[in-house]
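> this is a predicted model, with the sequence first.
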Amino acid sequence: MVDRLFADPVLARWYDAFCGWDQRDDLDFYLPLVLSAQSVLDVGCGTGLLLRRAREMGHAGRLCGLDPADAMLDLARKSVDVEWVLGDLGSVRGENEFELVVMTGHAFQVLVDDSELQDGLARIRSLLSAEGRFAFETRNPLVRAWERWTPEHAVEAIDSSGRVMRMEQHVQAVDGEVVRFTLTYTSPDWDAPRVSESTLRFLGADALSQVLAEAGLHIDEQFGDWDRSPLTDTSPEIITIARRA
């Protein structure tokens, strides 16, 4: 997840320390998909880790990263051989443009309202080529990951100069599929912490299948974890690869 607080240039510089390649399991799953597609859109690309790595590994086709945080894209733009677009899905022009659309880092869960979820999926479908695929993940609500979002599970990151930043999560409310929480970032270098409010939607497997079908998308493959193990009630993730129906 790319928290909206990372629109702050100070925090954007910390993003890869918290969510870099070595801190995540999802990017190694998505990278082969990206390398096998001639045109790729990464929705919520953040600092562009996935697309930059694909280019470094020889991807010669079209790579486009989309993010609403200009501070994140400022870091991504250091790679000039990738398209970087500021905004949301409505900011990407054209139809049938991409063989692959990805949403990594649980970015799919920020589509909270029914209308933004439906509009987002409709736009993704329109951007896909006839045989294009949409790959993304959402946390399995049956595992109730938010119950571990407590100060006892805070994480710390260290930047290249040895400075430390700590991130704590505090759940404010759980309303059906929707979880509201705060993230508090602290550093010895700051006079005060930075706090943001975030909201995520936890769609179950059945509800996810329904909204995809309503958007004209068919589930091609689905997994419960990054090792491609089958989806079960105890799986931490619902990892989905869908096609145009």
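Sure thing, it's come through. Residues are numbered from 1 along each chain as shown.

> scan this structure for its longest helix.
helix 114-127 (DSSP state H).

> what's that helix packed up against?
Packed against helix 114-127 by the contact rule (3 or more Cβ pairs under 8 Å, 6 or more residues apart in numbering; DSSP states H and E) you find strand 98-103, helix 205-214, strand 217-223. Using the backbone N, CA and C atoms, a C-beta is placed for each residue, glycine as well.

> most remote residue from the chain's center?
What lies farthest from the middle of the chain is residue 191; by Cα atoms, centre = their mean that is 30.4 Å.

> and that residue, what does it touch?
Applying Cβ atoms under 8 Å, 6 or more residues apart in numbering to residue 191 gives no contacts.

> and residue 69, how far is that from residue 30?
20 Å (Cβ to Cβ, to the nearest Å).

> ok, residue 53 next?
10 Å.

> that older thread, tell me which of the helices and strands packed on helix 114-127 sits most buried.
strand 98-103 (a mean of 25; mean count of other Cβ atoms under 10 Å).

> any idea how far that one is from the middle of the chain?
12 Å (Cα atoms, centre = their mean, to the nearest Å).

> same question, stretch 141-155
That offset, for stretch 141-155, works out to 18 Å (Cα atoms, centre = their mean).

> could you pull out the buried residues of that stretch?
141, 143, 145, 146, 149 (16 or more other Cβ atoms under 10 Å).

> circling back: look at residue 53 and residue 30 and report which has more neighbours.
residue 30 (25 against 18; other Cβ atoms under 10 Å).

> that one: what secondary structure?
helix (DSSP: H, G, I helix; E, B strand; the rest coil).

> got the contact list for it?
Here residue 30 is in contact with 50, 102, 104, 135 (Cβ under 8 Å, 6+ apart).

> now with 6 Å?
By Cβ atoms under 6 Å, 6 or more residues apart in numbering, the contact list for residue 30 reads 50, 102, 104.

> tell me which element the first one falls in.
Same thing as residue 50. Using DSSP states H and E, residue 50 falls within helix 49-56.

> now that helix and strand 98-103, what's the angle there?
Interaxial angle of helix 49-56 relative to strand 98-103 (axes from the mean of the first three to the mean of the last three Cα atoms, to 10 degrees): 140 degrees.

> now do the buried residues in helix 49-56.
Going by 16+ other Cβ under 10 Å, helix 49-56 has these buried residues: 49, 50, 51, 52, 53, 54, 55.

> now render those as a markdown table, adding pLDDT and distance to residue 224.
As requested, the buried residues of helix 49-56 are exported to a markdown table (pLDDT from 0 to 100; distance: Cβ to Cβ, whole Å):
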| residue | pLDDT | distance to residue 224 |
| --- | --- | --- |
| 49 | 95 | 24 |
| 50 | 97 | 21 |
| 51 | 98 | 26 |
| 52 | 96 | 28 |
| 53 | 97 | 25 |
| 54 | 98 | 25 |
| 55 | 97 | 30 |
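
> relative to residue 157, which of the residues you listed is nearest.
Closest to residue 157 out of the buried residues of helix 49-56 is residue 49 (14.8 Å), distances taken as Cβ to Cβ.

> and the nearest residue to residue 38 once chain neighbours are set aside, what pLDDT?
Among residues not flanking residue 38 along the chain, residue 61 sits closest, at 3.9 Å (Cβ to Cβ, 6 or more residues apart in numbering). What the model reports as pLDDT for residue 61 is 98.

> what is the neighbour count of residue 61?
15.

> distance-wise, check it relative to residue 243.
Taking Cβ to Cβ, one finds residue 61 at 19 Å from residue 243.
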